[in-house]
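**Q** Attaching a predicted model along with its sequence, questions to come.
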Amino acid sequence: DTGVSQNPRHKITKRGQNVTFRCDPISEHNRLYWYRQTLGQGPEFLTYFQNEAQLEKSRLLSDRFSAERPKGSFSTLEIQRTEQGDSAMYLCASSHPGTSGSNEQFFGPGTRLTVL
Amino acid sequence: AQSVTQLGSHVSVSEGALVLLRCNYSSSVPPYLFWYVQYPNQGLQLLLKYTTGATLVKGINGFEAEFKKSETSFHLTKPSAHMSDAAEYFCAVATGGGNKLTFGTGTQLKVEL
């Protein structure tokens, strides 16, 4: 299967610890997105990359959050000094604009973070 | 700024009955509209999308949606529900090149025997 993959699938950590998640997009997709989904809510946009350039960041992305896509392929999302409010599902998606321009996004299975 | 409202956080239907999940959007420019389905502990799977052209869009698993600009709606329907349709459904809007999606809060669909 050549879909979007995310690791780890689950992460339990103690408050104050740092965590890092990885996303591997579909290979020919040049855009990569991170979303956060809390219980009972729809996903909320965090940030996106076109190739290695981070083009937009949401106000939700506090200074404790940092995302990278160093070679324009996989991406990492790091949360420093985790707080209980960071507990959520972190979703990654990728897309390739193509000729339609609709920028259909393909989602990975997500990483569920629990901060104790 | 764009936004999405999904009326009804929980919808319950009998197997074989019509499924209707409601979505209204707000966008200052012509929108791209999407419906995604999410099964427990999984990511989102695209059901269908509207970009331009025909306003009645057919998707996977027998679902379809109609874009009504005058009503700013993009309701999802399926003529006959199946037990396997039980999941959470999200409507989303994107504008321009679709750089980011704005999602509704989701509708949990329950299918009963």
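**A** It's in. Everything quoted here is computed from the prediction, not taken from an experiment.
**Q** for the residue nearest to residue A:4 when sequence neighbours are not counted, what are its contacts?
**A** Nearest non-adjacent residue to residue A:4, counting by Cβ to Cβ, 6 or more residues apart in numbering or on different chains: residue A:108, 3.6 Å away. (Glycine included, C-beta is placed from N, CA and C.) Residue A:108 makes contacts with A:3, A:4, A:5, A:6, A:23, A:91, A:92, A:93, B:43, as judged by Cβ atoms under 8 Å, 6 or more residues apart in numbering or on different chains.
**Q** Relative to residue A:59, which of the residues you listed is nearest.
**A** The closest of the contacts of residue A:108 to residue A:59 turns out to be residue A:91 (Cβ to Cβ; 18.2 Å).
**Q** Correct me if wrong: that closest one contacts residue B:44.
**A** Yes: look at residue A:91 against residue B:44 with Cβ atoms under 8 Å: they come within range, at 7.1 Å.
**Q** Tell me which of those two has more neighbours.
**A** The residue with more neighbours, out of residue A:91 and residue B:44, is residue B:44; 29 against 25, by other Cβ atoms under 10 Å in any protein chain shown.
**Q** Could you count how many residues lie near residue 76?
**A** In the absence of a named chain, this looks at chain A. Neighbours of residue A:76 (other Cβ under 10 Å): 14.
**Q** The intended chain is chain B.
**A** For residue B:76, the count of nearby residues is 24 (other Cβ under 10 Å).
**Q** check contacts around the residue lying closest to it once chain neighbours are set aside.
**A** Using Cβ to Cβ, 6+ apart and skipping the chain neighbours, the partner closest in space to residue B:76 is residue B:21 (4.3 Å). Taking Cβ under 8 Å, 6+ apart, we find residue B:21 in contact with B:6, B:8, B:11, B:35, B:75, B:76, B:77, B:89, B:91, B:107, B:109.
**Q** okay if I get the residues you listed as CSV plus pLDDT?
**A** Output for the contacts of residue B:21, formatted as CSV (pLDDT from 0 to 100):
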residue, pLDDT
B:6, 97
B:8, 92
B:11, 97
B:35, 97
B:75, 97
B:76, 98
B:77, 98
B:89, 98
B:91, 97
B:107, 97
B:109, 97
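**Q** Could you tell me which of the contacts of residue A:108 count as buried?
**A** Neighbour-count burial (16 or more other Cβ atoms under 10 Å in any protein chain shown) is assigned, among the contacts of residue A:108, to A:4, A:5, A:6, A:23, A:91, A:92, A:93, B:43.
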